[in-house]
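Engineer: here is the input, now give the coordinates:
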Amino acid sequence: MTEYSYRQRSKARAYQRRRRQVIISMVLISILVVAGIIALVVHLISKDKNDDSKAPADNPVVNEEQSLIEDGVFIDSIAVGGMDHALATTAVDEYVTKQGNIPITLDVNGNMVTTTLAGIGFVWDVEAGVSAAMVMEEAGTVNLSYDINQDALDAFLNDECKQYTVKPKNAKLTRSNGEFIIKRGRVGIVIDNEATKEAIVAAVSAQISTGTTVNAAAVMVEKNPKYTSEDMVRCKDELGKFSTTFQESQIERSANLRNAVQFIDGTVLYPEDTFSVADAIYPLSADNGYKEAPSYADGQVVESLGGGVCQVSTTLYNAVLKSELEIVERLPHSMVVSYVEPSMDAAIAGDYKDLKFKNNTDTPIYIQGAVSSGVVTFTVYGHETRPSSRTIEFESVILETIEPGKDVVTKDPTKPKGYEKVTQSAHVGYVANLYKIIYENGAEVAREKINYSKYNAEPKYVTKGTKKVKDKKKDKDKVEKTEPPIEENENEVATEVPVVPLPPVEVTPEPPVATESVQPPTEQATEAPVVSDGAV
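Structural biologist: Below is the predicted model:
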């Protein structure tokens, strides 16, 4: 029993020794593996550092605190050897400031314009130059690179130099005594900006090392006018004409018509350009020659500056329609006007109603306006391309008639009963379309809708008196019956002072502010002309 136990113990001890040896071996192997991994990592890191130290000069990595530039290194003409990054940067900054202050004189069409290199946008890259110098391993020179701020250079050419150019001038077209007069245009002399920029850079590169004024010349080129006398000669045909009538006895309104027409007369509208009546005749102010005349505001007749100018825009609108130019904007009045049929008007009001049209031909358009003997006329001239067999006319078609509402009565206590005054006649409303009818050799071939217009109806405005009137006869009888008899006195003379009643005061309400002007009705008219927003 004892011997058996001893052998077992011996085997157990041998097993434990072998187990310890295996564990030790595994630990040693693990240590070797870890050591190998560490060695590999260290090798890779060392390799990256070596690669970084061999990086190209255009992307240097520099320890600014410990590195100094090699002796004999220059940045342009500045010796920076032995300097650290900060000192070299300061030295080069001072250098480029002096470079930026170098004058440059540009010859512009025989006129000398002087500024500085910095003034035309030259900027030097100091950081790139210093960084390149820091990694140089031997003596040498780093040439500073520079760039040009294009906005600054353009500003110099366009603001400082442009005054010495010659702008091209279009031929001028006028009309006198029924004949067109053409004044020739002018060829311009302008700066070729891109070519001039190249000339400036070349001059700076060649002359900057001298440190003195850089001289360059602007590249000048001829520029033809957009429209020449040859273009104007083609503008000779009457494309459209229209007239409306007015009452010359209305002095202020007549003056407004003449004033507005003279702002439009003689206009030359070039191809693709748009004309605005409001832009041409505004502002409607006394300083601009306008007087107060009837206008409409909120369906009532009031006085406003420029009353009547809508007749000018309306007359022009119809001349333009006949010319078949492109209508860009047109709006009707709020009520119909007396001088054209419904849908043939064009209102002007504030900044929300305007007449605009575009020259959709390839030739300049000339607009002639005239006012004479109670007639406003506009004629549009251009180059006629429409065949003579083709004609057009315009037709107003009323779709609906809108009757005015009940009379608006204002009671006036200062007027006697029975007093009645019409302050504004009723206005009938309409809905209408305007059509263009096209004929070929006299036969209708097409009908086009031009516009849709709606005009408001407005009631009659009446003022009625409400003041009671006493019966004088009854009052006299009452006095005779109740008054006691008077004793006669030979020494007194009785006198009777008649009582004269004061006449009633007529109070007229103040009219509202005008937003549109109109042509008032004649004395015989039973219905005032209907107009819309704007000076009609």
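Engineer: where do the helices sit along the stretch 251-400 of the chain?
Structural biologist: Secondary structure of the stretch 251-400 of the chain (DSSP state H, counting those that start in this stretch): helices at 251-264, 277-281, 309-323.
Engineer: tell me if I'm right that T196 and L157 touch.
Structural biologist: Yes. In this structure, T196 is within contact of L157 by CB atoms under 8 Å, at 6.4 Å. For glycine as for every other residue, the C-beta is placed from the backbone atoms N, C-alpha and C.
Engineer: what do those two both touch?
Structural biologist: A218 (CB atoms under 8 Å, 6 or more residues apart in numbering).
Engineer: and V34, how many neighbours?
Structural biologist: Using other CB atoms under 10 Å, V34 is surrounded by 10 other residues.
Engineer: tell me the first helix or strand C-terminal of the helix or strand hosting L32.
Structural biologist: In this assignment (DSSP states H and E), L32 forms part of helix 2-53. Using DSSP H and E, the helix or strand that follows helix 2-53 in sequence is strand 73-75.
Engineer: who does the helix or strand that that following strand is followed by touch, helix- and strand-wise?
Structural biologist: Using DSSP H and E, the helix or strand that follows strand 73-75 in sequence is strand 78-79. If contacts are counted by 3 or more CB pairs under 8 Å, 6 or more residues apart in numbering; DSSP states H and E, strand 78-79 sits against helix 85-100.
Engineer: what's the spacing between the helix it packs on and its chain's center?
Structural biologist: 47 Å (CA atoms, centre = their mean, to the nearest Å).
Engineer: for the next helix or strand after it, which strands pair with it and how are they oriented?
Structural biologist: Sequence order places strand 103-108 as the next helix or strand after helix 85-100, per DSSP H and E. Paired neighbours of strand 103-108 in the sheet (DSSP bridges): strand 111-116 (antiparallel), strand 214-217 (parallel).
Engineer: okay, now the domains of this protein?
Structural biologist: 1-54, 73-179+188-223, 234-464+513-523+527-535 (automatic domain parsing).
Engineer: tabulate those domains (TSV), appending mean pLDDT and distance to K470.
Structural biologist: Shown next, in TSV, are these (pLDDT from 0 to 100; distance: least, CB to CB, whole Å):
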stretch	mean pLDDT	distance to K470
domain 1-54	68	119
domain 73-179+188-223	94	71
domain 234-464+513-523+527-535	91	10
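Engineer: quick one: closest of the ones you listed to S67.
Structural biologist: Nearest to S67 among these is domain 73-179+188-223 (5.9 Å), distances taken as CB to CB.
Engineer: need the nearest residue in space to K417, chain neighbours excluded.
Structural biologist: Leaving aside its chain neighbours, K417 sits nearest to G465 (5.7 Å; criterion: CB to CB, 6 or more residues apart in numbering).
Engineer: direction included, what does the strand or helix carrying the one you found pair against?
Structural biologist: Taking DSSP H and E as the definition, G465 sits inside strand 461-467. Looking at strand 461-467 with DSSP bridges, its partner strands are strand 408-416 (parallel), strand 420-424 (antiparallel).
Engineer: ok, which of these comes nearest F246?
Structural biologist: strand 420-424 (20.1 Å).
Engineer: which parts of the closest one are buried?
Structural biologist: Residues of strand 420-424 classed as buried by neighbour count (16 or more other CB atoms under 10 Å): Q424.
Engineer: start at 32, not 1
Structural biologist: That works, and once the first residue is 32, the last one we named lands at strand 451-455.
Engineer: what's the first helix or strand after that strand?
Structural biologist: That would be, after strand 451-455 and using DSSP H and E, strand 460-471.
Engineer: would you tell me what the next helix or strand after that next one is?
Structural biologist: strand 474-486.
Engineer: and the angle for that following strand with helix 340-354?
Structural biologist: 160 degrees (axes from the mean of the first three to the mean of the last three CA atoms, to 10 degrees).
Engineer: give me the contact list for strand 474-486.
Structural biologist: Outside strand 474-486, the residues touching it (CB under 8 Å, 6+ apart) are 352, 358, 361, 363-367, 373-374, 376, 425, 433, 460-470, 561, 563.
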